[in-house]
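Participant: Sequence first, predicted coordinates after that:
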Amino acid sequence: MTAKQRASFLVFPTILVLALIVIFPMIFSISVSVRAFDIRIREHPFVGVQNFIAVLTNRDFYDAVKVTGIMIVAELAVELVLGMVLALVLMNLPAGRKVFQPILLFPMMVMPVVIGYMGRLVFEVRSGPVNYVLNLLGIESLKWHASADLALVTILILRIWQWTPFVVAVFLAGLLSLPLEPYDSAQVDGATSSQVFFLISLPMLRPVITLIVIMRALEILQTFDITYVLTLGGPGVSSMTMSLYSYLLGFRYWDVGQASASAWLIMIPLSILVTWFVRIMQKGERVEETR
Amino acid sequence: MRKRGRIFLKRTLLSLLMICVVVIVLFPIYWMLLTSVQPRSELMNYPPRFYTRAPTLQFYGFAFREMIQKFFNSLTIAAAATVIAVIFGSMSGYAFARYRVGGDTLAFWVLSLKFFPPVVAIVPYFLMMQALRLTDTLLAVIIPHLIITTPFAVWMIKGFIQEVPRELEEAAMIDGTSQLGVIRIVTLPLIAPGLVVTALFCFIWSWNDFMFALILTRNVATTLPVSVSLMREAHGLMWGEVSATASLGTVPIIVIAIILQKYLVRGLSLGSLK
């Protein structure tokens, strides 16, 4: 037996377990999604693509798609810009970096359920600190997560609060790993700092930006916890995300067939993003090997 | 001289900006901790007070009485999901790193599972656990949590092993050490910090998970995040009690995060950025 064959035995248990806990449920889920599945009844007749049609002809589903889409675009835009600005600020504060950076990582480790609850505390309508500060500035209290106009904004604020520090940390790592020579020659040529940023830093950071976009989009696409705790998709469907919509179909309205169908619809954009991410990782691996 | 003055001014202004940012980052956490130690009479008053004159631990008393079981549920589930993942991760991480078992395909398949969305799995897991009569047991939550932890552990440990120069292992092999001996004497000690980092991340992912625990538990095996979300529904305005429970679930993770700070970007980007 060669060493490689022996090594296969090391991989085998992992693959077996992963197949059991991932692939089997996936197949099960497909089978549920093509049945009229009522968990109170033993028989689950085959209905073909009817569950998919039911989801795709439901206006609420498109509202959920819209909300999720808005979240991806808005959250990514704010996090990228804010993250880049703060990373550049920290680049200019070499001494302060060690103090500020550890504090910045607190929010992304807090459980999202707790962040939803923190949102209830700080955005509390009658006596919350945010409305209090607004009142001090002469602005009337806002209803935040309790109003259809601001529910999504409130969730976005909390998520931006949680995840911008991650983007800062990634950008900072990226900026610190850039080669110094282009900057030296730019200085010799007398380039302005905005020229340096847009013509040198930004192009060199492109792979980092791509990675951030993919990873953040993957996470935003699955937004569930904060929304569940803070608004449960409401008021109305103003903050209904796709994951929450699928959950509610299955576990509030007990239509697990439609819930599975809608979950598979989330899989479509998700698998595109995952494929893209894996491609990039594969390229990185090959570069490392040729070195 | 003037240039140095300008740099000093710039750094002062930027530092002030960063201090504002830090205040914004810390404020919600501070506010939750404050709510958890305020006496009931001070909660939700207008205007709100940004400190307390009479801190009390009464809500932590509640949290320890009512929630200690949930705390241990979370702890057991996260510990089990972590230990299993690190064992699987070390075995296959080594095989992937040194022998490229299954070529690229298999390793990258495992990597892509890290992104497997729980929302696809909740319906089949709910039905399966009911059929197996496992609903509301710790095991019912541990099993799906392995989807969250195992692919991550495999991939992280593979990366850490690749960083150990192959020559070190070969040198020990020439000295007549067996392959298992080499792994034990050379490789394991070198990747030990990496294993700790991987384990701590796995622990956090499992500890913070909400979706699986929500659908697979009722009242016996509920975890802390689920308890926090249920308290809202059951008791309306128990601000102090919920804050104390939420703090109990948050503070240990922040401590772990401080330990992990050097590896944070690497862990969150699955090793794509080091």
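Facilitator: Happy to help now that I have it.
Participant: separation between residue A:89 and residue B:11?
Facilitator: Residue A:89 is 10 Å from residue B:11, where distance means C-beta to C-beta, to the nearest Å. C-beta coordinates here come from the backbone N, C-alpha and C atoms, glycine included.
Participant: Which one's more surrounded, the two?
Facilitator: Counting neighbours by other C-beta atoms under 10 Å in any protein chain shown for residue A:89 and for residue B:11 shows that residue A:89 has the greater number, 20 against 15.
Participant: Kindly provide the distance from the more buried one to residue B:14.
Facilitator: The span separating residue A:89 from residue B:14 equals 5 Å under the rule C-beta to C-beta.
Participant: Identify the single longest helix in chain B, thanks.
Facilitator: The helix spanning the most residues in chain B, taking DSSP state H as the definition, is helix B:58-99.
Participant: Report whether it contacts chain A.
Facilitator: Yes - applying C-beta under 8 Å from any C-beta of the partner chain, one finds that helix B:58-99 is in contact with chain A at B:88, B:89, B:91, B:92, B:94, B:95, B:96, B:98, B:99.
Participant: Packing partners of that helix?
Facilitator: Based on contacts counted as 3 or more C-beta pairs under 8 Å, 6 or more residues apart in numbering or on different chains; DSSP states H and E, the elements that helix B:58-99 packs against are helix A:3-18, helix B:2-37, helix B:103-113, helix B:138-162, helix B:188-208, helix B:224-235, helix B:239-260.
Participant: For residue A:46, give me the backbone phi and psi.
Facilitator: Comment: the main-chain dihedrals of residue A:46 come out as phi -70, psi 130, following degrees, to the nearest 10.
Participant: Hmm, residue A:33 and it touching each other?
Facilitator: No - the pair residue A:46 and residue A:33 does not pass the contact test of C-beta atoms under 8 Å, sitting 11.0 Å apart.
Participant: These two - which one has more neighbours?
Facilitator: residue A:33 (26 against 9).
Participant: Tell me who's in contact with that one.
Facilitator: Taking C-beta atoms under 8 Å, 6 or more residues apart in numbering or on different chains as the contact definition, residue A:33 lies against A:51, A:52, A:257, A:260, A:261, A:263, A:264.
Participant: Kindly report the same for residue A:3.
Facilitator: With contacts defined as C-beta under 8 Å, 6+ apart, residue A:3 is in contact with B:99, B:179.
Participant: Okay, now the unreliable bits of the chain?
Facilitator: Using chain A. Under the criterion pLDDT under 70, the flagged ranges of chain A are A:1, A:287-291.
Participant: try chain B instead
Facilitator: Checking chain B against pLDDT under 70 turns up B:1, B:232-237, B:274.
Participant: tell me the domain ranges of it?
Facilitator: When chain B is parsed into structural domains using automatic domain parsing, the resulting residue ranges are B:1-56, B:60-268.
Participant: what's the most buried one of those domains?
Facilitator: Of the domains of chain B, the one with the most neighbours on average (mean count of other C-beta atoms under 10 Å in any protein chain shown) is domain B:60-268, at a mean of 20.
Participant: what about that one, start to end distance?
Facilitator: 32 Å (C-alpha to C-alpha, to the nearest Å).
Participant: circling back: which of the contacts of residue A:33 are buried? Put it as a ChimeraX command.
Facilitator: This is the ChimeraX syntax for the buried subset of the contacts of residue A:33, where burial follows 16 or more other C-beta atoms under 10 Å in any protein chain shown:
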select /A:51,52,257,260,261,263,264
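Participant: Please convert the contacts of residue A:33 to TSV, extending it with distance to chain B.
Facilitator: Putting the contacts of residue A:33 into TSV (distance: C-beta to the nearest C-beta, whole Å) gives the following:
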residue	distance to chain B
A:51	11
A:52	14
A:257	9
A:260	5
A:261	10
A:263	4
A:264	7
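Participant: Turn the contacts of residue A:33 into CSV, columns for secondary structure.
Facilitator: Formatted as CSV, those follow (DSSP: H, G, I helix; E, B strand; the rest coil):
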residue, secondary structure
A:51, helix
A:52, helix
A:257, helix
A:260, helix
A:261, helix
A:263, helix
A:264, helix
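Participant: Quickly name whichever of the contacts of residue A:33 is closest to residue A:247.
Facilitator: Lowest distance from residue A:247 to the contacts of residue A:33 (C-beta to C-beta) belongs to residue A:263, with 8.9 Å.
Participant: closest one to residue A:205 among the helices and strands packed on helix B:58-99?
Facilitator: helix B:2-37 (20.1 Å).
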